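generate a structure from the sequence data that follows.
(chains A and B)
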Amino acid sequence: AQRVTQPEKLLSVFKGAPVELKCNYSYSGSPELFWYVQYSRQRLQLLLRHISRESIKGFTADLNKGETSFHLKKPFAQEEDSAMYYCAGETSGSRLTFGEGTQLTVNP
Amino acid sequence: DGGITQSPKYLFRKEGQNVTLSCEQNLNHDAMYWYRQDPGQGLRLIYYSQIVNDFQKGDIAEGYSVSREKKESFPLTVTSAQKNPTAFYLCASSIAASGGGEQFFGPGTRLTVL
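Residues are numbered from 1 along each chain as shown, chains lettered A, B, ... in the order given. Predicted structure coming up:
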């Protein structure tokens, strides 16, 4: 079965420190992978997708097919990055399978 | 914010009652989805619809029902058969039913069974 896992439920870093949110997937073929973010009192929204290879708010994510990973990284965390982050993979049609989520806290 | 709305924001239900959650979108999106969000479990897909008058079960459809009579609307009914209905419910929509598109989420409805 196609599956996305985020091994860390909670992650805490200090402002200015690097941050990496882990995501592993088990998919057949070439998966379409995404990171979604939910800030406090805001809607869940797309942060980035792997096919566009973009950097959003300083975050990047590289698809590593050998390790079946899609980790989200930022070199210098900011307090406003504190949020719940979900990794998601696209299955048949337009269905998304979400990971369990990682709550990131950036301390001042 | 706008585009996709859910009502009500909070909903209380007595055990044994059915309840319907509303989801409306004015984005002209073909596909719509219902998710359940529980702490530590991420989002789990309940039902989805890729086109009007058609819908498919997701991973946890038991105890839920939906309809898609209009493109703009995708209501979710939580029936008395749902054993653990207290949760946060999210509705989403996307442009394409064929994949690759971003999903846009509503603000959610928190259902509490008393």
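
all strands for the chain, in order.
You didn't pick a chain, so chain A it is. Secondary structure of chain A (DSSP state E): strands located at A:3-5, A:10-14, A:19-21, A:24-26, A:32-38, A:45-49, A:60-61, A:72-74, A:83-90, A:96-98, A:102-107.

not quite, go with chain B.
Secondary structure of chain B (DSSP E): strands at B:4-7, B:10-13, B:19-25, B:31-38, B:42-51, B:54-57, B:64-66, B:76-78, B:87-94, B:104-105, B:109-113.

make JSON lines out of the strands of chain A and add mean neighbour count.
Every C-beta, even on glycine, is put in place using the N, C-alpha and C of the backbone. Formatted as JSON lines, those follow (neighbours: other C-beta atoms under 10 Å in any protein chain shown):
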{"stretch": "strand A:3-5", "mean neighbour count": "17"}
{"stretch": "strand A:10-14", "mean neighbour count": "13"}
{"stretch": "strand A:19-21", "mean neighbour count": "20"}
{"stretch": "strand A:24-26", "mean neighbour count": "17"}
{"stretch": "strand A:32-38", "mean neighbour count": "22"}
{"stretch": "strand A:45-49", "mean neighbour count": "18"}
{"stretch": "strand A:60-61", "mean neighbour count": "20"}
{"stretch": "strand A:72-74", "mean neighbour count": "20"}
{"stretch": "strand A:83-90", "mean neighbour count": "23"}
{"stretch": "strand A:96-98", "mean neighbour count": "22"}
{"stretch": "strand A:102-107", "mean neighbour count": "17"}
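
need the ones you listed in CSV with distance to B:S22 and mean pLDDT, can you?
Shown next, in CSV, are the strands of chain A (distance: least, C-beta to C-beta, whole Å; pLDDT from 0 to 100):
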stretch, distance to B:S22, mean pLDDT
strand A:3-5, 29, 92
strand A:10-14, 33, 97
strand A:19-21, 33, 97
strand A:24-26, 33, 93
strand A:32-38, 21, 94
strand A:45-49, 21, 93
strand A:60-61, 34, 94
strand A:72-74, 33, 96
strand A:83-90, 24, 94
strand A:96-98, 22, 91
strand A:102-107, 29, 97
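
who wins for proximity to B:N53 among those?
For the strands of chain A, proximity to B:N53 was assessed by C-beta to C-beta; strand A:96-98 is nearest, at 22.6 Å.

which strands border the closest one, and is each parallel or antiparallel?
strand A:83-90 (antiparallel) (DSSP bridges).

got a list of contacts for the strand it pairs with?
By C-beta atoms under 8 Å, 6 or more residues apart in numbering or on different chains, the residues outside strand A:83-90 that reach it are A:2, A:4, A:6, A:21, A:23, A:25, A:27, A:31-40, A:44, A:47, A:70, A:72, A:96-99, A:101-104, B:42-43, B:99-100.
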